[in-house]
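Following is a predicted model, sequence given first.
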Amino acid sequence: MPILDTDTQHDPNKILPIDYDWAREYYEAGVANNWVPDEIPMQDDVSQWKGDELTDAERQLVEWNLGFFSTAESLTANNVVLAIYEHVTAPECRQYLLRQAYEEAIHTDTFIYCCDSLGFEPEYLYGMYDRVPSIEEKDEFVVDLTRAIDQEDFEIETTEDVRAFLRDLVGFYVIMEGIFFYAGFAMMLGLRRQNKLPGLGQQFEYIMRDESLHVGFGVDLINQLREEHPEAWTDEFGAEVTELIEEAVELEQIYALEACPEEVLGMSGDQFAEYVEFVADRRLRQLELEDSFGTENPFPWMSEQVDLNKEKNFFETQVTEYQSGGALEW
(Lines give C-alpha, C1' and ligand atoms only; values in the text may rest on other atoms or scores of the structure.)
Protein backbone atom coordinates (compact mmCIF):
# COMPACT_ATOMS: atom_id res chain seq x y z
CA MET A 1 0.00 0.00 0.00
CA PRO A 2 1.31 3.51 -0.73
CA ILE A 3 3.02 5.26 2.14
CA LEU A 4 1.58 8.67 1.33
CA ASP A 5 -1.88 10.17 1.70
CA THR A 6 -3.04 9.29 -1.82
CA ASP A 7 -6.18 7.69 -3.24
CA THR A 8 -5.29 4.38 -1.58
CA GLN A 9 -4.82 5.23 2.07
CA HIS A 10 -3.70 3.29 5.09
CA ASP A 11 -6.02 3.21 8.05
CA PRO A 12 -3.86 5.21 10.48
CA ASN A 13 -5.64 3.56 13.42
CA LYS A 14 -4.61 0.00 12.48
CA ILE A 15 -0.90 -0.63 12.80
CA LEU A 16 -1.26 -4.38 12.18
CA PRO A 17 -0.45 -5.95 9.85
CA ILE A 18 2.76 -3.93 9.40
CA ASP A 19 3.62 -3.15 5.79
CA TYR A 20 6.94 -1.38 6.41
CA ASP A 21 9.07 -3.45 8.77
CA TRP A 22 11.99 -1.01 8.42
CA ALA A 23 9.92 1.77 10.01
CA ARG A 24 9.05 -0.42 12.99
CA GLU A 25 12.77 -1.28 13.40
CA TYR A 26 13.67 2.40 13.62
CA TYR A 27 11.09 2.89 16.35
CA GLU A 28 12.45 -0.04 18.36
CA ALA A 29 16.02 1.24 17.98
CA GLY A 30 14.95 4.69 19.15
CA VAL A 31 13.28 3.28 22.26
CA ALA A 32 16.42 1.26 23.08
CA ASN A 33 18.46 4.46 22.84
CA ASN A 34 16.33 6.46 25.27
CA TRP A 35 18.06 9.12 27.39
CA VAL A 36 17.42 12.47 29.08
CA PRO A 37 19.92 15.31 29.56
CA ASP A 38 19.73 15.67 33.31
CA GLU A 39 21.21 12.17 33.66
CA ILE A 40 24.51 13.74 32.64
CA PRO A 41 26.58 15.65 35.23
CA MET A 42 27.71 19.17 34.29
CA GLN A 43 29.90 20.10 37.27
CA ASP A 44 33.18 19.92 35.31
CA ASP A 45 31.63 21.91 32.46
CA VAL A 46 30.49 24.66 34.81
CA SER A 47 33.95 24.83 36.38
CA GLN A 48 35.68 25.06 33.01
CA TRP A 49 33.21 27.60 31.63
CA LYS A 50 33.54 29.89 34.63
CA GLY A 51 37.32 29.42 34.81
CA ASP A 52 40.11 30.11 32.35
CA GLU A 53 40.55 26.66 30.78
CA LEU A 54 38.79 27.59 27.52
CA THR A 55 40.17 29.95 24.90
CA ASP A 56 38.06 32.67 23.30
CA ALA A 57 37.93 30.61 20.08
CA GLU A 58 36.65 27.56 21.97
CA ARG A 59 34.01 29.63 23.71
CA GLN A 60 32.79 31.05 20.40
CA LEU A 61 32.67 27.57 18.91
CA VAL A 62 30.51 26.34 21.82
CA GLU A 63 28.20 29.35 21.79
CA TRP A 64 27.62 29.22 18.04
CA ASN A 65 26.84 25.52 18.06
CA LEU A 66 24.45 25.81 20.99
CA GLY A 67 22.81 28.75 19.24
CA PHE A 68 22.44 26.93 15.93
CA PHE A 69 21.21 23.63 17.35
CA SER A 70 18.70 25.32 19.66
CA THR A 71 16.79 26.76 16.68
CA ALA A 72 17.47 23.92 14.21
CA GLU A 73 15.99 21.27 16.52
CA SER A 74 12.79 23.31 16.85
CA LEU A 75 12.55 23.80 13.09
CA THR A 76 12.94 20.07 12.55
CA ALA A 77 10.37 19.17 15.20
CA ASN A 78 7.82 21.56 13.73
CA ASN A 79 8.36 20.09 10.26
CA VAL A 80 7.86 16.53 11.53
CA VAL A 81 4.66 17.36 13.43
CA LEU A 82 3.10 19.97 11.17
CA ALA A 83 4.12 18.80 7.69
CA ILE A 84 5.40 15.25 7.36
CA TYR A 85 3.04 13.52 9.80
CA GLU A 86 -0.09 14.72 8.02
CA HIS A 87 0.85 13.18 4.69
CA VAL A 88 2.52 9.93 5.77
CA THR A 89 -0.44 7.71 6.64
CA ALA A 90 1.30 4.37 7.22
CA PRO A 91 0.79 3.88 10.99
CA GLU A 92 4.19 2.27 11.60
CA CYS A 93 5.84 5.29 9.95
CA ARG A 94 3.71 7.61 12.05
CA GLN A 95 4.76 5.72 15.15
CA TYR A 96 8.41 6.48 14.38
CA LEU A 97 7.60 10.10 13.54
CA LEU A 98 6.06 10.46 17.00
CA ARG A 99 9.20 8.91 18.47
CA GLN A 100 11.33 11.36 16.51
CA ALA A 101 9.21 14.28 17.69
CA TYR A 102 9.79 13.13 21.28
CA GLU A 103 13.54 12.94 20.66
CA GLU A 104 13.52 16.46 19.19
CA ALA A 105 11.84 17.57 22.43
CA ILE A 106 14.63 15.85 24.39
CA HIS A 107 17.21 17.69 22.28
CA THR A 108 15.43 20.98 22.92
CA ASP A 109 15.48 20.17 26.62
CA THR A 110 19.23 19.56 26.30
CA PHE A 111 19.83 23.14 25.29
CA ILE A 112 17.62 24.41 28.12
CA TYR A 113 19.71 22.28 30.51
CA CYS A 114 23.00 23.57 29.05
CA CYS A 115 21.77 27.16 29.06
CA ASP A 116 20.81 26.90 32.73
CA SER A 117 23.97 25.01 33.73
CA LEU A 118 26.44 27.33 32.02
CA GLY A 119 24.56 30.50 32.92
CA PHE A 120 23.67 31.77 29.45
CA GLU A 121 21.13 34.52 29.08
CA PRO A 122 18.33 32.91 27.03
CA GLU A 123 18.01 35.94 24.75
CA TYR A 124 21.73 35.70 24.00
CA LEU A 125 21.79 31.98 23.20
CA TYR A 126 18.51 31.81 21.32
CA GLY A 127 19.23 35.10 19.56
CA MET A 128 22.19 33.64 17.63
CA TYR A 129 19.82 33.09 14.71
CA ASP A 130 19.35 36.84 14.36
CA ARG A 131 22.96 37.86 15.11
CA VAL A 132 24.99 35.35 13.12
CA PRO A 133 24.24 35.49 9.37
CA SER A 134 25.69 32.05 8.59
CA ILE A 135 23.30 30.44 11.11
CA GLU A 136 20.32 32.34 9.71
CA GLU A 137 21.26 31.42 6.14
CA LYS A 138 21.41 27.71 6.95
CA ASP A 139 18.01 27.73 8.65
CA GLU A 140 16.38 29.79 5.93
CA PHE A 141 17.82 27.56 3.22
CA VAL A 142 16.04 24.53 4.67
CA VAL A 143 12.81 26.41 5.39
CA ASP A 144 12.71 27.59 1.76
CA LEU A 145 12.58 23.97 0.62
CA THR A 146 9.35 23.42 2.58
CA ARG A 147 7.31 26.46 1.63
CA ALA A 148 5.15 24.54 -0.85
CA ILE A 149 3.91 21.92 1.61
CA ASP A 150 3.54 24.50 4.39
CA GLN A 151 0.56 25.96 2.55
CA GLU A 152 -2.74 25.10 4.22
CA ASP A 153 -4.29 23.82 1.00
CA PHE A 154 -1.37 21.56 0.06
CA GLU A 155 -2.43 18.01 -0.82
CA ILE A 156 -0.55 15.20 -2.50
CA GLU A 157 -2.52 14.58 -5.66
CA THR A 158 -0.10 15.01 -8.55
CA THR A 159 3.44 13.94 -9.41
CA GLU A 160 4.62 17.49 -8.72
CA ASP A 161 3.05 17.28 -5.27
CA VAL A 162 5.02 14.10 -4.54
CA ARG A 163 8.14 15.85 -5.77
CA ALA A 164 7.48 18.80 -3.45
CA PHE A 165 7.12 16.39 -0.54
CA LEU A 166 10.37 14.66 -1.49
CA ARG A 167 12.08 18.05 -1.59
CA ASP A 168 10.91 18.69 1.98
CA LEU A 169 12.27 15.31 3.13
CA VAL A 170 15.61 15.98 1.47
CA GLY A 171 15.73 19.42 3.09
CA PHE A 172 15.16 18.31 6.66
CA TYR A 173 16.48 14.75 6.80
CA VAL A 174 19.40 14.85 4.37
CA ILE A 175 20.48 18.51 4.55
CA MET A 176 19.49 19.81 7.98
CA GLU A 177 19.97 16.66 10.07
CA GLY A 178 22.37 14.88 7.73
CA ILE A 179 24.77 17.69 6.73
CA PHE A 180 24.21 20.90 8.70
CA PHE A 181 24.47 19.08 12.04
CA TYR A 182 27.71 17.27 11.37
CA ALA A 183 30.33 20.01 11.48
CA GLY A 184 28.86 20.95 14.86
CA PHE A 185 29.04 17.34 16.03
CA ALA A 186 32.70 17.15 15.02
CA MET A 187 33.49 20.43 16.79
CA MET A 188 31.81 19.49 20.07
CA LEU A 189 33.12 15.93 20.14
CA GLY A 190 36.58 17.23 19.25
CA LEU A 191 36.50 19.36 22.38
CA ARG A 192 35.42 16.39 24.45
CA ARG A 193 38.35 14.34 23.15
CA GLN A 194 40.57 16.92 24.86
CA ASN A 195 38.58 16.73 28.12
CA LYS A 196 36.92 20.07 27.44
CA LEU A 197 33.25 20.34 28.50
CA PRO A 198 32.78 16.57 28.96
CA GLY A 199 29.11 16.74 29.98
CA LEU A 200 28.16 18.84 26.99
CA GLY A 201 30.16 16.56 24.72
CA GLN A 202 28.39 13.49 26.07
CA GLN A 203 25.01 15.07 25.33
CA PHE A 204 26.12 15.81 21.78
CA GLU A 205 27.19 12.16 21.45
CA TYR A 206 23.70 11.04 22.44
CA ILE A 207 22.11 13.57 20.08
CA MET A 208 24.29 12.28 17.26
CA ARG A 209 23.12 8.74 17.96
CA ASP A 210 19.52 9.91 17.67
CA GLU A 211 20.23 11.86 14.51
CA SER A 212 21.82 8.84 12.86
CA LEU A 213 18.45 7.11 13.19
CA HIS A 214 16.58 10.18 11.97
CA VAL A 215 18.74 10.39 8.86
CA GLY A 216 18.44 6.67 8.23
CA PHE A 217 14.65 6.75 8.55
CA GLY A 218 14.40 9.82 6.33
CA VAL A 219 16.52 8.25 3.61
CA ASP A 220 14.54 5.01 3.74
CA LEU A 221 11.31 7.02 3.58
CA ILE A 222 12.61 8.90 0.53
CA ASN A 223 13.69 5.69 -1.18
CA GLN A 224 10.35 4.03 -0.39
CA LEU A 225 8.55 6.94 -2.03
CA ARG A 226 10.85 6.68 -5.03
CA GLU A 227 9.89 3.02 -5.36
CA GLU A 228 6.17 3.73 -5.08
CA HIS A 229 6.24 6.89 -7.23
CA PRO A 230 9.06 6.32 -9.75
CA GLU A 231 7.69 9.04 -12.01
CA ALA A 232 8.45 11.68 -9.35
CA TRP A 233 12.21 11.07 -9.07
CA THR A 234 13.46 11.90 -12.55
CA ASP A 235 17.06 12.44 -13.62
CA GLU A 236 16.32 16.15 -13.58
CA PHE A 237 15.06 15.99 -10.00
CA GLY A 238 18.10 13.95 -8.99
CA ALA A 239 20.30 16.68 -10.48
CA GLU A 240 18.31 19.27 -8.51
CA VAL A 241 18.87 17.33 -5.29
CA THR A 242 22.60 17.13 -5.99
CA GLU A 243 22.68 20.88 -6.59
CA LEU A 244 20.81 21.53 -3.34
CA ILE A 245 23.28 19.38 -1.40
CA GLU A 246 26.24 21.16 -3.00
CA GLU A 247 24.74 24.53 -2.09
CA ALA A 248 24.16 23.28 1.46
CA VAL A 249 27.83 22.28 1.67
CA GLU A 250 28.87 25.81 0.70
CA LEU A 251 26.67 27.30 3.45
CA GLU A 252 27.95 24.83 6.04
CA GLN A 253 31.56 25.53 5.08
CA ILE A 254 31.02 29.27 5.57
CA TYR A 255 29.59 28.53 9.00
CA ALA A 256 32.42 26.15 9.91
CA LEU A 257 35.15 28.62 8.92
CA GLU A 258 33.50 31.44 10.86
CA ALA A 259 32.70 29.32 13.92
CA CYS A 260 36.28 28.02 14.02
CA PRO A 261 38.38 30.95 12.72
CA GLU A 262 41.61 29.55 14.13
CA GLU A 263 42.93 26.11 14.96
CA VAL A 264 41.20 24.70 18.03
CA LEU A 265 42.87 21.73 19.70
CA GLY A 266 44.48 20.65 16.44
CA MET A 267 41.30 21.11 14.39
CA SER A 268 41.12 23.81 11.74
CA GLY A 269 38.22 25.40 9.93
CA ASP A 270 39.55 23.92 6.69
CA GLN A 271 39.33 20.42 8.16
CA PHE A 272 35.73 21.00 9.18
CA ALA A 273 35.03 22.18 5.63
CA GLU A 274 36.54 18.95 4.28
CA TYR A 275 34.51 16.90 6.73
CA VAL A 276 31.31 18.48 5.44
CA GLU A 277 32.23 17.38 1.90
CA PHE A 278 32.97 13.85 3.12
CA VAL A 279 29.58 13.62 4.86
CA ALA A 280 27.79 15.12 1.84
CA ASP A 281 29.21 12.43 -0.44
CA ARG A 282 27.88 9.82 1.97
CA ARG A 283 24.44 11.37 1.77
CA LEU A 284 24.54 11.47 -2.03
CA ARG A 285 25.39 7.76 -2.15
CA GLN A 286 22.50 7.02 0.22
CA LEU A 287 20.24 8.62 -2.39
CA GLU A 288 21.91 6.61 -5.18
CA LEU A 289 23.53 9.74 -6.61
CA GLU A 290 27.13 10.29 -7.66
CA ASP A 291 29.72 11.77 -5.28
CA SER A 292 30.32 15.48 -5.78
CA PHE A 293 33.57 15.92 -3.86
CA GLY A 294 35.62 12.75 -3.42
CA THR A 295 36.99 14.08 -0.13
CA GLU A 296 38.56 11.80 2.46
CA ASN A 297 37.51 11.95 6.10
CA PRO A 298 39.85 14.37 7.93
CA PHE A 299 38.50 13.14 11.28
CA PRO A 300 38.68 9.33 11.28
CA TRP A 301 38.05 9.42 15.03
CA MET A 302 34.48 10.49 14.28
CA SER A 303 33.83 6.92 13.12
CA GLU A 304 35.23 5.68 16.43
CA GLN A 305 32.82 7.96 18.31
CA VAL A 306 29.90 5.98 16.92
CA ASP A 307 31.69 2.62 17.20
CA LEU A 308 33.92 1.73 14.28
CA ASN A 309 32.19 -1.54 13.51
CA LYS A 310 28.94 0.38 12.90
CA GLU A 311 30.38 3.06 10.59
CA LYS A 312 28.65 1.74 7.47
CA ASN A 313 25.31 1.48 9.24
CA PHE A 314 25.72 4.87 10.90
CA PHE A 315 26.27 6.72 7.64
CA GLU A 316 24.39 4.60 5.15
CA THR A 317 21.57 2.64 6.72
CA GLN A 318 20.61 2.29 10.35
CA VAL A 319 22.32 1.72 13.66
CA THR A 320 21.61 -1.82 14.75
CA GLU A 321 22.95 -2.11 18.30
CA TYR A 322 21.83 0.06 21.19
CA GLN A 323 21.72 -0.04 24.94
CA SER A 324 19.29 1.85 27.10
CA GLY A 325 19.97 5.52 27.83
CA GLY A 326 22.34 5.84 30.76
CA ALA A 327 24.08 2.54 29.98
CA LEU A 328 25.48 3.57 26.61
CA GLU A 329 29.16 2.76 26.29
CA TRP A 330 31.70 4.25 23.88
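It's in.

burial of D130, as a residue count?
Other residues lying near D130 total 12 when counted by other CB atoms under 10 Å. For the C-beta atoms, the positions are set from N, CA and C on the backbone; glycine is no exception.

gap between it and E136?
Using CB to CB, to the nearest Å, D130 is found at 7 Å from E136.

what residues are up against the residue nearest to F181 when sequence neighbours are not counted?
In this structure, F181 finds its nearest non-sequential neighbour in E211, 5.8 Å apart by CB to CB, 6 or more residues apart in numbering. E211 makes contact with E177, G178, F181, F185, according to CB atoms under 8 Å, 6 or more residues apart in numbering.

Run a quick neighbour tally on the third one.
Translated: F181. Neighbours of F181 (other CB under 10 Å): 25.

Verify the contact between it and T76 for me.
No. In this structure F181 lies outside contact range of T76 using CB atoms under 8 Å: 9.4 Å.

that older thread, tell me which element the residue nearest to F181 is part of?
Applying DSSP states H and E as the criterion places E211 in helix 198-228.

Name the next helix or strand downstream of that helix, please.
helix 235-259.

Now do the buried residues in that next one.
238, 241-242, 244-245, 248-249, 251-257, 259 (16 or more other CB atoms under 10 Å).

and which of those is nearest A232?
Nearest to A232 out of the buried residues of helix 235-259 is G238 (CB to CB; 10.8 Å).

Please name the nearest non-neighbouring residue to that closest one.
L289 (5.8 Å).

State the distance from that neighbour to E277.
14 Å.

Between those two, which is the more surrounded one?
Legend: neighbour count by other CB under 10 Å for L289 and E277, higher for E277 (22 against 15).

Check which helix or strand the closest residue to F237 other than its chain neighbours maps to.
Take F237 and drop its neighbours on the chain: the residue closest to it by CB to CB, 6+ apart is R163, 6.0 Å away. Assigned by DSSP H and E, R163 belongs to helix 159-169.

what's next to that helix, contact-wise?
By CB under 8 Å, 6+ apart, helix 159-169 touches 4, 79, 83-84, 87, 145-146, 148-149, 154-156, 218, 221-222, 225-226, 229, 231-233, 237, 241, 244.

Separate out the buried members of those.
Members of the contacts of helix 159-169 classed as buried by 16+ other CB under 10 Å are 4, 79, 83-84, 87, 145-146, 149, 154, 156, 218, 221-222, 225-226, 229, 232-233, 241, 244.

Give me the residue at the spatial middle of the chain.
Computing the C-alpha centroid of the chain and ranking residues by CA atoms, centre = their mean puts E177 first, at 1.9 Å.

If I look at it, what pLDDT would I see?
For E177, the model assigns a pLDDT of 95.

show me where pLDDT drops low in this protein?
1-15, 265, 304-330 (pLDDT under 70).

how about the nearest residue to M302, chain neighbours excluded?
Closest to M302 by CB to CB, 6+ apart is A186, at 5.9 Å.

ok, that neighbour - contacts?
Residues counted as contacts of A186 (CB under 8 Å, 6+ apart) are M267, F272, Y275, F299, M302.

which residue packs closest to the first one, ignoring adjacent ones?
This points to M267. Closest to M267 by CB to CB, 6+ apart is G190, at 5.0 Å.

wait, isn't F293 in contact with V279?
No. Using CB under 8 Å as the test, F293 is too far from V279 to be in contact (9.8 Å).

So for the two, which sits in the more crowded spot?
V279 (25 against 16).

Quick check: which element contains the more buried one?
V279 belongs to helix 269-286, assigned by DSSP H and E.
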